[in-house]
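Enquirer: I need the structure of the sequence given here:
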Amino acid sequence: MARLFGTDGVRGVANTELTCELSMQIGRAVAFILSKDKNKKLKILVGKDTRLSSDMLECALISGCCSMGANVVKLGVISTPAVAYLTKHYAADAGIMISASHNPFEFNGIKVFKYDGYKISEDMEEEIENIVLDRSEEIKLPSCENLGVVTKAKNAKDDYIAHLKDTIGHDLSGLKVAIDCSNGASFSTAEKLFSALGAECFVLSDKPDGTNINKGCGSTHIENLVDFVKKHDIDAGFAFDGDADRCIAIDEKGNVLDGDYILAICSSYMRSKNKLAKNTVVGTVMSNMGVYEFLGGNSINFVSSKVGDKYVLMDMLKGGFNLGGEQSGHIIFLDHATTGDGQLTAIQLLSIIKDYKEPFSKIASILTKYPQVMVNVVVCAEGKKRLDEDSIVQSEIKKVESELSGKKEAGNSHKEGRVLVRASGTEPLIRVMLEGKDLSKIKNMANRLADLIKARLS
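Expert: Residues are numbered from 1 along each chain as shown. Have a look, this model is predicted:
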């Protein structure tokens, strides 16, 4: 079991769980591992989001890298997908992002990318853990002229914006767009990007102060964006999270379109242009039953992966597919990016709206979703581990599954819903998700399960 890394890097409360000492050790371990088979000076890019603790952790992380002789290029405040893209574009040996994504400001995190822009493997994560936690290898520190130096990238944001602009074939003139930057990393690029493409752009939550990242805004709090879109005759709205690797869309009527809708819209469009690799989409076990039905009804194959964009990416690479994503808004366009990218997702959707010349709501109407209820239960770390072992909880889950199994007719089971209970990979939570045709019924079931889990595992 991973001891530092979760489903999306290292994450914890800054200066309590994710300390300067730990950040320095991770930087040192990354540089040490990468230097083993290279006879040259390493170049490592470092980006960060707008959290109060990001400056502090950046300094510590960079110190660790430089202490191993690696040269560091600071990208400043920039999105996670920008770090991934620029790592390959600048021919760096690694890229590191300091961010806790959609979490509150008191959390922070560290994500590491390889030279090719993909996240490091689980084997490398384990190697870093062994070095940091177990001192599994002796690290000899260089000295004198062999220490690393720090420089600042001059054109990082412009280079990233230029890349995004090149992914669509026409401008976005005539479209009115509202963007919620979540007071996070995208505030440094979003307005320039959408305006440069010709859209009339309105930007919300673009004044970070170190503590307001994701606070009542962004992809996890879209109420203000919904109101703005409805009041100001906006064609489409888009909400990003703190490091801008997620995107939640809003149509012109104020309807919220999550990753399920985005996958349905983009897969249908890409297939019509003969651009959907192997006629297949990769989603997760959280994907709505309506997505399964839509894709099946349109002869598009669906691969279900574990929750976590890294698992979606693994299945995409394994199968040679170019579109995948999560309900949460991590959408991966593998022809253009190596990770989920909120701003890339937004301009792909706007390009579709421009091409179809139809309202966003009409384009999104191709998908009908089943009602879904999610209840998050706060548990202790030990409780997360016991989830699969608690016989009473597991028995209740099976009971709920049986209630949702539906009637059997002529030997066929007509499923009326499903249940998914899983431990979060990034937070001290167990997520209880139920899906079905009867919203009231699944709400009661979800709360019943959540109450039991709280009593047993918190």
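Enquirer: show the average pLDDT along stretch 223-242.
Expert: Regarding stretch 223-242, the rounded mean pLDDT is 97.
Enquirer: can you give me the first-to-last residue distance of it?
Expert: 16 Å (CA to CA, to the nearest Å).
Enquirer: could you list the buried residues of that stretch?
Expert: 224-226, 228-229, 234-242 (16 or more other CB atoms under 10 Å). Yep, even glycine has a C-beta here, placed from its N, CA and C like the rest.
Enquirer: keep only those of the residues you listed that are in strands.
Expert: If you go by DSSP state E, the buried residues of stretch 223-242 have 236, 237, 238, 239, 240 in strands.
Enquirer: quickly name whichever of those residues is closest to residue 195.
Expert: Residue 195 has its nearest neighbour among those in residue 238, at 14.1 Å by CB to CB.
Enquirer: for the buried residues of stretch 223-242, give me TSV that also has distance to residue 38.
Expert: Compiled in TSV, the buried residues of stretch 223-242 are given as follows (distance: CB to CB, whole Å):
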residue	distance to residue 38
224	48
225	45
226	49
228	49
229	49
234	49
235	49
236	45
237	45
238	40
239	40
240	35
241	34
242	33
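Enquirer: biggest separation within those residues, which pair?
Expert: Farthest pair in those (CB to CB) is 235 and 242. Separation: 25.3 Å.
Enquirer: and stretch 248-260, what's its mean pLDDT?
Expert: For stretch 248-260, mean pLDDT rounds to 98.
Enquirer: end to end on it, go ahead and measure it.
Expert: 10 Å.
Enquirer: mind listing what's buried in it?
Expert: Counting neighbours by 16+ other CB under 10 Å, stretch 248-260 gives 248, 249, 250, 251, 252, 254, 255, 257, 258, 259, 260 as buried.
Enquirer: cool, stretch 206-220 as well?
Expert: So, applying 16+ other CB under 10 Å, buried residues of stretch 206-220: 206, 208, 212, 213, 214, 215, 217, 218, 219, 220.
Enquirer: let's see which of those end up in strands.
Expert: Using DSSP E, none of those sit in strands.
Enquirer: just curious, which of these is nearest to residue 275?
Expert: Proximity of the buried residues of stretch 206-220 to residue 275 (CB to CB) peaks at residue 219, which lies at 25.8 Å.
Enquirer: and the pLDDT at the closest one?
Expert: 96.
Enquirer: swap in residue 456?
Expert: According to the model, residue 456 scores 92 on pLDDT.
Enquirer: list the buried residues for the strand or helix carrying it?
Expert: Assigned by DSSP states H and E, residue 456 falls within helix 439-457. Within helix 439-457, the residues scored as buried using 16+ other CB under 10 Å are 441, 442, 445, 446, 448, 449, 450, 452, 453, 454, 456, 457.
Enquirer: now stretch 286-300: average pLDDT?
Expert: In this model, stretch 286-300 has a mean pLDDT of 93.
Enquirer: contacts for it, please.
Expert: Residues outside stretch 286-300 that contact it (CB atoms under 8 Å, 6 or more residues apart in numbering) are 260, 263-264, 267-268, 271, 276, 279-281, 283, 301-302, 304, 307, 326-328, 366-370, 372, 415, 417-418, 420, 433, 435.
Enquirer: report the buried members of those residues.
Expert: 260, 263-264, 267-268, 271, 276, 280-281, 283, 302, 307, 326-328, 367, 369-370, 372, 417-418, 420, 433, 435.
Enquirer: select from those residues every entry located in helices.
Expert: Members of the buried ones among the contacts of stretch 286-300 lying in helices (criterion: DSSP state H): 260, 263, 264, 267, 268, 271.
Enquirer: the stretch 251-400 of the chain: strands as residue ranges?
Expert: With DSSP state E, counting those that start in this stretch, the ranges of strands along the stretch 251-400 of the chain come out as 256-257, 280-284, 301-305, 323-325, 331-333, 372-378.
Enquirer: could I have the third one exported to CSV, CA atoms only?
Expert: It refers to strand 301-305. Extracted in CSV, the C-alpha atoms of strand 301-305 (Å, rounded to 0.1, in the frame of the first residue of the first chain):
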residue,chain,number,x,y,z
ASN,A,301,-17.3,1.0,-27.0
PHE,A,302,-16.8,1.8,-23.3
VAL,A,303,-13.9,0.8,-21.1
SER,A,304,-14.5,1.2,-17.3
SER,A,305,-11.5,2.0,-15.3
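Enquirer: relative to strand 280-284, how tilted is that strand?
Expert: 30 degrees (axes from the mean of the first three to the mean of the last three CA atoms, to 10 degrees).
Enquirer: quick one: strands adjacent to strand 301-305?
Expert: Strand pairing for strand 301-305, using DSSP bridges, gives strand 280-284 (parallel).
Enquirer: show residues contacting the strand it pairs with.
Expert: So strand 280-284 is contacted by 260, 263, 267, 291, 295, 300-308, 311-312, 315-316, 319, 321, 323-327 (CB under 8 Å, 6+ apart).
Enquirer: same thing with stretch 304-312?
Expert: Here stretch 304-312 has contacts from 7-8, 119, 245, 282-287, 314-315, 324-326, 330, 332, 339-340, 422, 425, using CB under 8 Å, 6+ apart.
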